[in-house]
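[1] Turn this into a model:
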Amino acid sequence: MFLNTDSKFIWLNGNFQPFDDTNIHLLSNTLHYGMGVFEGVRAYETGSGGAIFRLHDHTKRLFDAASKINISIPYSIEELCNAQKDSMSKNNLLEGYIRPIVFLGSESMGLRSQSSLSINVAIACWEWPSYMNPEAKRNGISVIKSPFQQYDNPLYSNNKIIGTYVNSIMAVNDAIAKGAEEAILMDKNGFISEGSGENLFIVKDSCLYTPKTDYCLNGITRQSVISIAQDLNYKIEEKNLTFEDLLEADEAFYSGTAVEITPITTVNKSRIGSGSIGCITEVLQKKYSEIVCGQDQNYSSWLTTI
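    Down below sits the predicted model:
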């Protein structure tokens, strides 16, 4: 995944350090207890250079998540937005994946030690042309219902908190072991939550539906898809979806920073719709690609030039 790291840099607490030499202490509190937050951000090459997609929205969500676990990030939103832009420039990248992360230091150990710990911020970026097999965007992926339930606590399921991704890791690896490419997790009430790291949309009778955000992340890409669909005059509704709703859908797709818009063509070995990318999914996928690459000026406010 990481290419040419000998010539890359990571931003750490205001300074750039060589990619391969940027380390944290073994006794970092976050390594032991998971107290920290992160974001996944993506940049794309446009006709006028590189641009970061919805940079401010991602960065604000980082701060919102941090505040919910009583971490006060020692920078402003604007400073970290600029640091992400600078990280892309420093690494000579016009497009790629950006990972800001906030973690606690190693000054002391224990569950009661948060007030005595340093708050650290790092930003890494790298080339990442495709999260899954590149053919997945066209051919779709297979999904399996996970035996692992999404967290009951909305704090854990609604925020990108480091220590809360164990279920997602277990779910996706269980799916892969069973021959699928992704998982679908249910919430405590038996409704669909999300994938291991993606939001779900289904299409039925030309209408789009997506789960409510009671027990899933309100993804930036999810929000974008809803806005795009509305602008294209598609009916879209947030509602509790059952697993049967997914099985009976005409189309289904995942959305997320990493997967962008990726069709789901098989669920528990049952074909969804025609078994290939659906018409509405294809329209949304094409429009999303145009937007992130700067080809639709109606959404230019979503792009921040590097």
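
[2] Off-centre distance for the helix or strand of the chain at the bottom of the mean pLDDT ranking?
    One helix or strand of the chain scores below all others by mean pLDDT, DSSP states H and E: helix 154-157, with a mean of 80. Distance of helix 154-157 from the chain centroid (C-alpha atoms, centre = their mean, to the nearest Å) equals 15 Å.

[3] do stretch 30-39 as well
    16 Å.

[4] for that stretch, which positions count as buried?
    For stretch 30-39, the neighbour count (16 or more other C-beta atoms under 10 Å) marks T30, L31, Y33, G34, M35, G36, V37, F38, E39 as buried. Any C-beta I mention is one placed from the backbone N, CA and C, and that applies to glycine too.

[5] Also stretch 62-70?
    L62, F63, A65, A66, I69.

[6] Show the backbone phi and psi for H56.
    phi -60, psi -40 (degrees, to the nearest 10).

[7] and the buried residues of stretch 30-39 as CSV, adding distance to G275 and pLDDT?
    Supplementary listing: those in CSV, determined by distance: C-beta to C-beta, whole Å; pLDDT from 0 to 100:
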residue, distance to G275, pLDDT
T30, 43, 96
L31, 44, 96
Y33, 45, 95
G34, 40, 94
M35, 44, 95
G36, 41, 97
V37, 39, 97
F38, 35, 98
E39, 35, 98
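
[8] Let's see which of those end up in strands.
    Cross-referencing these against strands under DSSP state E gives G36, V37, F38.

[9] This protein - how does it break down into domains?
    Following the TED database, the chain resolves into domains at 3-125, 132-291.

[10] For W302, which of those domains is the nearest?
    domain 3-125 (5.1 Å; C-beta to C-beta).

[11] just the helices in the stretch 151-300 of the chain please.
    154-157, 166-177, 220-231, 243-247, 279-292 (DSSP state H, counting those that start in this stretch).

[12] Of those helices, which shows the lowest average pLDDT?
    Of all the helices of the stretch 151-300 of the chain, helix 154-157 carries the lowest average pLDDT, namely a mean of 80.

[13] outside of that one, which residues touch it?
    K68, I69, Q150, Y151, I161, T164, D187, S193, D214, Y215, C216, L217 (C-beta atoms under 8 Å, 6 or more residues apart in numbering).

[14] what sits against the second one?
    What that stands for is I69. I69 neighbours (C-beta under 8 Å, 6+ apart): M35, V37, L155, N159, I161.

[15] Take those residues and write them to JSON lines, including distance to G47.
    Output for the contacts of I69, formatted as JSON lines (distance: C-beta to C-beta, whole Å):
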{"residue": "M35", "distance to G47": "42"}
{"residue": "V37", "distance to G47": "34"}
{"residue": "L155", "distance to G47": "41"}
{"residue": "N159", "distance to G47": "35"}
{"residue": "I161", "distance to G47": "37"}
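
[16] from these, which single one is nearest G110?
    For the contacts of I69, the nearest to G110 is M35 (11.6 Å; C-beta to C-beta).

[17] Skipping adjacent residues, who's closest to the closest one in space?
    Using C-beta to C-beta, 6 or more residues apart in numbering and skipping residues adjacent in sequence, the residue nearest M35 is L104, 5.5 Å away.

[18] Ok, I280 next?
    V203 (5.0 Å).

[19] and the spatially closest residue to N13 that is not a sequence neighbour, bridged to which residues?
    Using C-beta to C-beta, 6+ apart and skipping the chain neighbours, the partner closest in space to N13 is N120 (5.7 Å). Counting by DSSP bridges, N120 forms beta bridges with F103.

[20] Tell me how far N120 lies from H58.
    19 Å (C-beta to C-beta, to the nearest Å).

[21] who's more crowded, these two?
    H58 (22 against 19; other C-beta atoms under 10 Å).

[22] Could you find the closest non-adjacent residue to D64?
    N159 (7.4 Å).

[23] I'd like the distance between that neighbour and S87.
    Where S87 is concerned, N159 sits at a distance of 23 Å (C-beta to C-beta).

[24] For those two, indicate the residue with more neighbours.
    Set N159 next to S87 and count neighbours by other C-beta under 10 Å: S87 wins out with 25 against 19.

[25] Tell me who's in contact with the more buried one.
    F9, I10, W11, F16, I98, I123, A124, C125.

[26] Give the full set of residues in contact with the fourth one.
    What it means is F16. Counted by C-beta under 8 Å, 6+ apart, F16 has contacts F9, I10, S87, K90.

[27] what's the most distant pair in those?
    Farthest pair in the contacts of F16 (C-beta to C-beta) is I10 and K90. Separation: 9.3 Å.
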